[in-house]
Every structure is written in C-alpha cells, then in structure tokens.
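> With the sequence up front, the predicted model follows.
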Amino acid sequence: MKKAVLATLIGAALFSGATLAADQGSNFDRLEARYIDYSDIDGFGLSGRVMLNESIYFTGDYAHTSESSLDVDEILAGIGYKHEFSEKFTGFADVNLSYMDYDAQLASDDDTGYAVQVGGVYRLNPAVEFSGLVRHIDNDIFVDSEQEYELAARWYINNEFSLSATYVDGFDSDWRDGYFIGAAWHF
C-alpha cells in the first residue's frame, strides 16, 4: 500500500512538471492566500499581482496578524516593472503605498507611508521556482522605517495552482522575522 501511494505521488509530480514544460517563465499573474507566522504573532494574508502589459504590473498585499490583545492590519499596493533577463531569471522592482493600522488594549494608531522592493525570480525547472527580494518600508507605526528580505520557494502543481514557503527577516528588528505558507491561483 505504501509503495502504491508513493508511486502515485511521484507520478503526479512528474505529470504536473510535464504539463508545465511549455511555460518556463515566471507567472506574475496570481492571487495567493497565506498563513503568516512571525515569532510572537500570527495571522493570514492575501497577495496578488496582475500584469498590465508585458513589463508593468499592479501588486497588492494585505496581512492581518494578531496576538492576545494586539491586532495589526497592513496593506501594500503599488505598481512595478519586471524584466526577463533569460528564460529562467526575471528581475523586478515596485513602489507601493503602505498603510498600517494596529489596535491594542491601551492604544491604537495608523499611518500611511511607502514601500520599495527589488527582487528576482529563478525558475529552476517547470515545477520549482525560487525568489528573493529586499524591501524598505517607511511608516511611523512601530519604527520610522525598516528593511527586510524574503526568500521563497514555489512548487507548481499545474499551470493554475502552486504552493509556496517564504522566510522573512527584518535587518534591524526581530518583530517581523518569520515565515509564510501559501497557496496561489495563477490566471
């Protein structure tokens, strides 16, 4: 029985990779749901990108995290540019409006700022892609500004669905160190 299950999983992985062979480039058009886990706070998020033409895209992210008496909502929305350096590597940069709101038992605040991020996506094979980015966020909720980086791996089940795992680390602070687990629909 175990061998049959293992053979089925291997066959499904090979089939899903074979169906993607015609589409080697990174798929920027997607809507993704995420589970977010920072060291002391967790929650959920939605992330999306829509290509407006071959190089320009709209991007939006929403995250809601909470811990006992603290709730944090964050929205990033902006426009970006991507450039395909090769069949397997795409670079991108975007600028975003940043909005953050927090509610705690004794205080609450919100602020609008901006975020800039630069990164790249490398498609290892038809079913696996790796990405990374560096982000600067400027708003006055917790600190004046912060920098962080993300490293991610994405596994394409087929042309329309993928799963991802992302590690996030703040350069100067520990409050945003953690990971995301996501599932995306590509259109």
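Received the coordinates, thanks.
> Can you tell me the SS state at the spatially most central residue of the chain?
Nearest to the mean C-alpha position of the chain, counting by C-alpha atoms, centre = their mean, stands residue 47 at 6.4 Å. Per DSSP: H, G, I helix; E, B strand; the rest coil, the secondary structure class of residue 47 is strand.
> Could you pull out the helices in this protein for me?
For the chain, helices defined by DSSP state H occupy the ranges 2-19.
> so where's this structure uncertain?
1-26, 141-143 (pLDDT under 70).
> which helices and strands sit right next to the biggest strand by length in the chain?
Among the segments of the chain that qualify as a strand by DSSP state E, the longest is strand 108-125. For strand 108-125, the elements it packs on are strand 89-103, strand 128-138, judged by 3 or more C-beta pairs under 8 Å, 6 or more residues apart in numbering; DSSP states H and E. Heads up, the C-betas are built off the backbone N, CA and C, glycines and all.
> List the buried residues for the longest one?
Within strand 89-103, the residues that qualify as buried by neighbour count (16 or more other C-beta atoms under 10 Å) are 90, 92, 94, 96, 98, 99, 100, 101, 102.
> What of stretch 65-73?
Buried-residue list, stretch 65-73, by 16+ other C-beta under 10 Å: 65, 71, 72, 73.
> can you redo the residues you listed as TSV with distance to residue 130?
TSV is the format used below for those (distance: C-beta to C-beta, whole Å):
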residue	distance to residue 130
65	25
71	33
72	28
73	29
